[in-house]
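[1] need the 3D shape of this:
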Amino acid sequence: MDILSIVGIAVAVIAILSGNMLEGGHIDQLFQLTAFLIVVGGTVGAVLLQTSLPVFWRSMVIVRWVFVTPQIDLIETIDKIINWSQLSRREGLLALEEVSENETDFFARKGLQMLVDGNEPDDIREILETEINMIEQHDMQAAKVFESMGGYSPTIGILGAVMGLIHVMNNLADPAKLGSGIATAFVATIYGVGIANLMLLPMAGKLKALVKQQSIQYEMLLVGIVSISEGENPRSLQAKLQSYLGHA
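    Numbering: from 1, shown residues only. Predicted coordinates for the structure are as follows:
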């Protein structure tokens with residue numbers, strides 16, 4: 001569980017509601033179902049028009065990373081690779097077959113299986129590099145779905161405000177309703193700007209950072225597997241992998 005994400009949202013919401021109350025506003029003034037439907041429905045509709053179904057579906061899958069981050073432990077990854085290297089030097093590459101069968105990460109499992117199957121180092125490198133590039137590209141596109149939502153949301157909020165003002169203009173004959181009507185109209189703008197800047201854009205930024213970190217982990221696995229295939233000394237391999245820690 002990513003506590004910072006939860007705390008960040010809580011702090012933002014509390015700060016806005018508290019500020020509204022200090023200015024004499026009431027919380028119920030900020031809750032308008034119509035404005036919410038316009039902003040959320042319009043934003044989702046716009047991004048669906050822009051995005052392909054596989055990318056949108058992937059974005060809905062990885063959004064949980066904002067609150068439940070994937071297991072990315074680079075130090076543990078180094079230890080695991082070094083254990084593979086030492087095992088292969090003692091018992092040969094075929095000893096990694098059982099390890100590959102018990103490996104839960106699909107990328108590591110694929111690389112180990114290629115080792116066991118006797119693929120050449122250059123072939124392993126080429127295949128795994130392609131795999132990393134495709135995974136990163138697909139997940140980055142999914143993260144950018146929320147970035148796109150953050151771009152559309154404020155504009156949809158303005159659209160909702162204009163629609164609300166049109167409704168107010170239709171009631172000019174009743175001056176008593178004008179003040180509350182205008183206030184209600186601008187709630188849509190608050191929703192659009194608030195959802196974009198307090199949720200969607202920060203979520204997109206966090207997801208892109210996690211995708212990059214995952215790519216670093218996969219690159220470490222690639223380097224480790226190729227080095228094992230080439231018979232590199234475990235100590236030399238460990239020094240090579242530790243250089244990635246400064247870029248994570």
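[2] the longest helix in the protein is where?
    helix 121-169 (DSSP state H).
[3] ok now that one, how far from the chain's centre?
    Helix 121-169 sits 10 Å away from the centroid of its parent chain (Cα atoms, centre = their mean, to the nearest Å).
[4] elements contacting it?
    helix 33-50, helix 53-62, helix 106-116, helix 178-195, helix 201-229 (3 or more Cβ pairs under 8 Å, 6 or more residues apart in numbering; DSSP states H and E). The C-beta positions use only the backbone N, C-alpha and C, and glycine is treated the same way.
[5] if you average pLDDT over each of the ones you listed, which is lowest?
    Note on the helices and strands packed on helix 121-169: lowest mean pLDDT is at helix 178-195, with a mean of 80.
[6] in this structure, which residue is most central in space?
    The chain has residue 207 as the residue nearest its centroid, 2.2 Å off, counting by Cα atoms, centre = their mean.
[7] residue 83 versus that one, what's the distance?
    31 Å (Cβ to Cβ, to the nearest Å).
[8] one more: residue 105?
    Plainly put, residue 105 is 14 Å away from residue 83 if you go by Cβ to Cβ.
[9] so for those two, which sits in the more crowded spot?
    residue 105 (15 against 12; other Cβ atoms under 10 Å).
[10] quick check: chain neighbours aside, which residue is closest to the more buried one?
    residue 221 (7.9 Å; Cβ to Cβ, 6 or more residues apart in numbering).
[11] what's the burial count for the one you found?
    When neighbours are counted by other Cβ under 10 Å, residue 221 comes out with 23.
[12] show me the contacts for it.
    Counting by Cβ atoms under 8 Å, 6 or more residues apart in numbering, residue 221 touches 77, 81, 105, 107-108, 111, 128.
[13] which residues sit against the strand or helix carrying residue 242?
    According to DSSP states H and E, residue 242 maps onto helix 234-242. Outside helix 234-242, the residues that touch it by Cβ under 8 Å, 6+ apart are 77-78, 81-82, 85-86, 89, 220, 223-224, 227-228.
[14] in it, what counts as buried?
    For helix 234-242, the neighbour count (16 or more other Cβ atoms under 10 Å) marks 234, 237, 240-241 as buried.
[15] same question for stretch 47-56.
    Burial within stretch 47-56, assessed by neighbour count using 16+ other Cβ under 10 Å, is assigned to 47, 51, 55-56.
[16] thinking again about what came up before, dump the helices and strands packed on helix 121-169 to a markdown table, plus distance to residue 132.
    Putting those into a markdown table (distance: least, Cβ to Cβ, whole Å) gives the following:
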| stretch | distance to residue 132 |
| --- | --- |
| helix 33-50 | 26 |
| helix 53-62 | 16 |
| helix 106-116 | 8 |
| helix 178-195 | 33 |
| helix 201-229 | 5 |
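[17] which among the ones you listed is found nearest to residue 171?
    helix 178-195 (6.3 Å; Cβ to Cβ).
[18] who's in contact with the residue nearest to residue 113 when sequence neighbours are not counted?
    Nearest non-adjacent residue to residue 113, counting by Cβ to Cβ, 6+ apart: residue 100, 5.0 Å away. When contacts are counted by Cβ under 8 Å, 6+ apart, residue 100 touches 108-109, 112-113, 115-116.
[19] for residue 100, phi and psi?
    With angles defined as degrees, to the nearest 10, residue 100 sits at phi -60, psi -30.
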